[in-house]
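Sequence first, then the predicted structure, then my questions.
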Amino acid sequence: MRDTLHHSPDARLSTLPGATIIRRIRRLLLWGLGTALVYTGLSAASKGLCRGGATGDGGYLDADGRATTAVPLCVDLVLRPSPVVYIAIAAIALIAITLVLRRSADEASALRTLDRAVILIVAVTAAWLALTLVSFMSIPLDAWDGGEQFWIPFTFGNVDIDVSPMQSGG
């Protein structure tokens, strides 16, 4: 980690006492915001399955491929970001700032605390994202029997489930 105490400040930046710490807090907040935005974009996914299908003459097929008059059901799963991640990002930032105010004896220890908070925010968000995507992709759509109920195991993201009749292609 670069030691900023031996780095002379930019002439355009304030020489106000504590300005280095304020800049590092700003960096922490920007990393938190950026990480949250990346998480939001990467933690969205969807998948679906229809048990059965349509025939060329306007009829339907059931899950076993037999002709039926009943419209087959489809299940659609939509993964959305979990609010737990946003709460964790905010909590890490607030705890880091509190630790700087309560425990830092000097500027160097304050900067280390803030740098570690950035690393923790990125690590927690990346780990949660990986767990979210793996848990979502492992939802067994093939186990669905085509009925009106669809149960999913625990996932790390929010999953919306929609079981609805198959839409006709006409």
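Perfect, I can see it now. Residues are numbered from 1 along each chain as shown.

Kindly list the longest helix within this structure.
The residue-count maximum for a helix in the chain (DSSP state H) belongs to helix 107-137.

Give the buried residues for it.
107, 110-111, 113-115, 117-118, 120-122, 124-125, 128-129, 132-133, 135-136 (16 or more other CB atoms under 10 Å). Any C-beta I mention is one placed from the backbone N, CA and C, and that applies to glycine too.

Likewise for stretch 66-82?
Buried residues in stretch 66-82, counted by 16+ other CB under 10 Å: 72, 73, 74, 75, 77, 78, 79, 81, 82.

The helix or strand of the chain with the lowest mean pLDDT: partners in the sheet, and parallel or antiparallel?
When the helices and strands of the chain are scored by mean pLDDT, DSSP states H and E, strand 53-54 comes last with a mean of 81. In the sheet, strand 53-54 lines up against strand 60-61 (antiparallel) (DSSP bridges).

which other residues reach the next helix or strand after the strand it pairs with?
Counting by DSSP states H and E, the element after strand 60-61 in chain order, helix or strand, is strand 67-68. With contacts defined as CB atoms under 8 Å, 6 or more residues apart in numbering, strand 67-68 is touched by 52, 55, 59, 60, 61, 62.

Off-centre distance for strand 67-68?
41 Å (CA atoms, centre = their mean, to the nearest Å).

right, and the helix or strand after it?
Following strand 67-68 in sequence order, the next helix or strand is strand 73-80 (DSSP H and E).
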